[in-house]
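Asker: Model the following, please.
(one chain, ligands or ions: 1)
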Amino acid sequence: MIDLSNAKLLDKKDVLSKFHSLFYHKKNEIYFDGNSLGKLPLKAQKTIEEAVQKQWGEGLIRSWNQYWLSLSSRISDKYSELLGAEKGEIIIGESTSVSLYQVTYALLKEGSFPKHLSTDILNFPTDLYVLEGLEKSFGIPSLKIISYKNEVEAEIEILKASIKNNPGIICLSLVSYKSAYLYPMKQLNRWASKHHSIIVWDLSHAVGAVAIDLKETETMIALGCTYKYMNGGPGAPAFLYINEEWHSKLLNPIQGWFGHQRPFDFSKKYEAAKSIKRFASGTPAILSLLGMEAGIDITLEAGIKLLQEKSIQQSEAFIKEIIQQLVPLGFSIESPLDHCKRGSHVTISHYASWQICQALIAGNDEHPKIIPDFRPPHFIRFGITPLYTRFEEIKTVIQVLKEIVERKLYLNFPLEKLEVT
Ligand SMILES: Cc1ncc(COP(=O)(O)O)c(C=O)c1O
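Answerer: Next comes the predicted model:
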């Protein structure tokens, strides 16, 4: 197990350390929220600035042919490489919520699976809302939300029994947003398939942090956002993966011209594109697409296996210190301890979590500002982002948390919560 007393040396020896300098870093601030919004790649800043000037400012409409029409496919292919999909099995363009709506609607209409939707208590609220909306539109039985004894880990036997007893379309987040619990993807895909069901995987908290092979895990549908570990920028479009065998069977409920077989024929009649492109709807957000390419390029260059390896090392070192130094001060660990069941953030709790979080963010004369995030009722999440998180920073956060609680510094901060945390 890694010992953080050697943190400086660990950073020196880190084979991924060179990637740190590819991002914008604010002085005197340690960022542990890359699991929510990733840092700015310097290349993205340059690309956007140049594109605004040259492509938009000067090229105007000509830039569609020269730069923009091929953009979504080019970035989609890079995501295919990262996720072990074939080229042409991923499309980028809408948000995660919209992609989930589109593909789940398409599955319900297509009719291969019983018209029953389920998810579980660990899933992110937007997924629940989208499914609930579909349930109302289709007039199908109520969305089933599977519960477990806590919000840290799924109980796989309960989940499997639910799939068996309520077959249909199941939506799960591969890494749970609160606790970082990581599901056994292949095992569940197989189980679902055996029980006349399909799992739609939300990879938002997993992509860029966990090595995923969509083929090896026999995944049929997956989607996720690109602004967390993928550093795609605020509101960067999501990716949607549909296994090729489903392309001709699923129809996009939002039939827009970008999903037409020949959009520039301007035909009066909609004809769905033959490929996954049918899941495009309207004009893509070009500046966001341009901004997200640097992030996937960096991740591919670093290599997802090495990134996951470093994430595990850093998380294990962090957890060890939490157990030794923070648990005696009233903290609890709300993430699975087994790294095979954990993504790349570590969640802790304390009865004064909100105030502790504010104390971290404020910093003081003796220590830097530290940015984690807060999730109700009392979770503090620390995103380990191996492209730029340093061992030294993990050591610092432990020392600062200890000081905030031992010296009761958190009492200087109000109890009421802000809108975005
Ligand atoms: C698991 C998961 N799904 C979806 C979203 C958000 O989706 P959207 O990109 O539509 O805002 C988040 C945001 O944090 C998330 O954690």
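
Asker: What is the worst-scoring helix or strand of the chain on mean pLDDT packed up against?
Answerer: One helix or strand of the chain scores below all others by mean pLDDT, DSSP states H and E: strand 373-375, with a mean of 92. The contact analysis (3 or more C-beta pairs under 8 Å, 6 or more residues apart in numbering; DSSP states H and E) places strand 373-375 against helix 353-362, strand 379-383. Every residue, glycine included, has its C-beta placed from N, CA and C.

Asker: so which of the ones you listed is the most packed in?
Answerer: Highest mean neighbour count among these (mean count of other C-beta atoms under 10 Å): strand 379-383, with a mean of 25.

Asker: Which strands or helices does that one pack on?
Answerer: By 3+ C-beta pairs under 8 Å, 6+ apart, strand 379-383 packs against strand 345-349, helix 353-362, strand 373-375.

Asker: Quick one: mean pLDDT over it.
Answerer: On average, the pLDDT along strand 379-383 is 97.

Asker: For the least confident helix or strand of the chain, give me every contacting residue.
Answerer: Applying C-beta atoms under 8 Å, 6 or more residues apart in numbering, the external contacts of strand 373-375 come out as 33, 35-36, 177-178, 347, 353-354, 357, 380-381, 383, 417, 421.

Asker: domain parsing for the protein?
Answerer: 4-31+303-412, 45-301 (automatic domain parsing).

Asker: so which of those gets nearest the ligand?
Answerer: Each of the domains of the chain has some distance to the ligand by C-beta to the nearest ligand atom; the shortest is domain 45-301, at 3.3 Å.

Asker: Now the terminal residues of the closest one, how far apart.
Answerer: 19 Å (C-alpha to C-alpha, to the nearest Å).

Asker: could we number from 53 for the rest of this?
Answerer: Let's use 53 as the start, then, which means that last one is domain 97-353.

Asker: tell me which residues in stretch 98-115 are buried?
Answerer: The neighbour-count check on stretch 98-115 (16 or more other C-beta atoms under 10 Å) flags Thr99, Ile100, Ala103, Gln107, Gly111, Ser115 as buried.

Asker: oh, I was asking about stretch 303-323
Answerer: Buried, per 16+ other C-beta under 10 Å, within stretch 303-323: Leu303, Asn304, Pro305, Trp309, Phe310, Gly311, His312, Pro315.

Asker: okay if I get the helices and strands packed on strand 425-427 as JSON lines plus distance to Pro388?
Answerer: Below are those laid out as JSON lines (distance: least, C-beta to C-beta, whole Å):
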{"stretch": "helix 405-414", "distance to Pro388": "19"}
{"stretch": "strand 431-435", "distance to Pro388": "14"}
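
Asker: Can you redo those as JSON lines, where the extra columns are distance to the ligand?
Answerer: Below are those laid out as JSON lines (distance: least, C-beta to the nearest ligand atom, whole Å):
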{"stretch": "helix 405-414", "distance to the ligand": "17"}
{"stretch": "strand 431-435", "distance to the ligand": "11"}
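
Asker: Compare the ones you listed and report which one is nearest to Gln451.
Answerer: helix 405-414 (11.6 Å; C-beta to C-beta).

Asker: average pLDDT for that closest one?
Answerer: On average, helix 405-414 scores 96.

Asker: in what helix or strand does the residue located most distally from the centre of the chain lie?
Answerer: The C-alpha centroid of the chain is most remote from Lys320, which lies 38.2 Å away (C-alpha atoms, centre = their mean). Counting by DSSP states H and E, no helix or strand carries Lys320.

Asker: where along the stretch 253-402 of the chain do the helices fall?
Answerer: Using DSSP state H, counting those that start in this stretch, the helices of the stretch 253-402 of the chain run over 338-354, 356-373.

Asker: about what we covered before: now do the buried residues in the least confident helix or strand of the chain.
Answerer: Of the residues in strand 425-427, Asp425, Phe426, Arg427 count as buried by neighbour count, 16+ other C-beta under 10 Å.

Asker: Throw the residues you listed into JSON lines and include distance to the ligand, thanks.
Answerer: Converted to JSON lines, those look like this (distance: C-beta to the nearest ligand atom, whole Å):
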{"residue": "Asp425", "distance to the ligand": "10"}
{"residue": "Phe426", "distance to the ligand": "14"}
{"residue": "Arg427", "distance to the ligand": "10"}
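
Asker: now, which of those residues sits nearest Leu183?
Answerer: Using C-beta to C-beta, the buried residues of strand 425-427 come closest to Leu183 at Arg427, 20.5 Å.

Asker: now the closest one, which residues is it bridged with?
Answerer: Under DSSP bridges, the beta-bridge partners of Arg427 are Phe431.

Asker: Ala354 touches Ser363, doesn't it?
Answerer: No. Assessed by C-beta atoms under 8 Å, Ala354 is found out of contact with Ser363, at 11.3 Å.

Asker: quick one: common contacting residues for the two?
Answerer: Pro438.

Asker: if you count what's nearby, which of those two comes out ahead?
Answerer: Between Ala354 and Ser363, Ser363 has the larger neighbour count (other C-beta atoms under 10 Å), namely 25 against 19.

Asker: Lys238 is in what secondary structure piece?
Answerer: helix 237-246.

Asker: Checking the residue lying closest to Leu180 once chain neighbours are set aside next. Helix, strand or coil?
Answerer: Leaving aside its sequence neighbours, Leu180 sits nearest to Thr171 (C-beta to C-beta, 6 or more residues apart in numbering; 6.1 Å). Look at Thr171: counting by DSSP: H, G, I helix; E, B strand; the rest coil, its state is strand.

Asker: Fine by me, thanks again.
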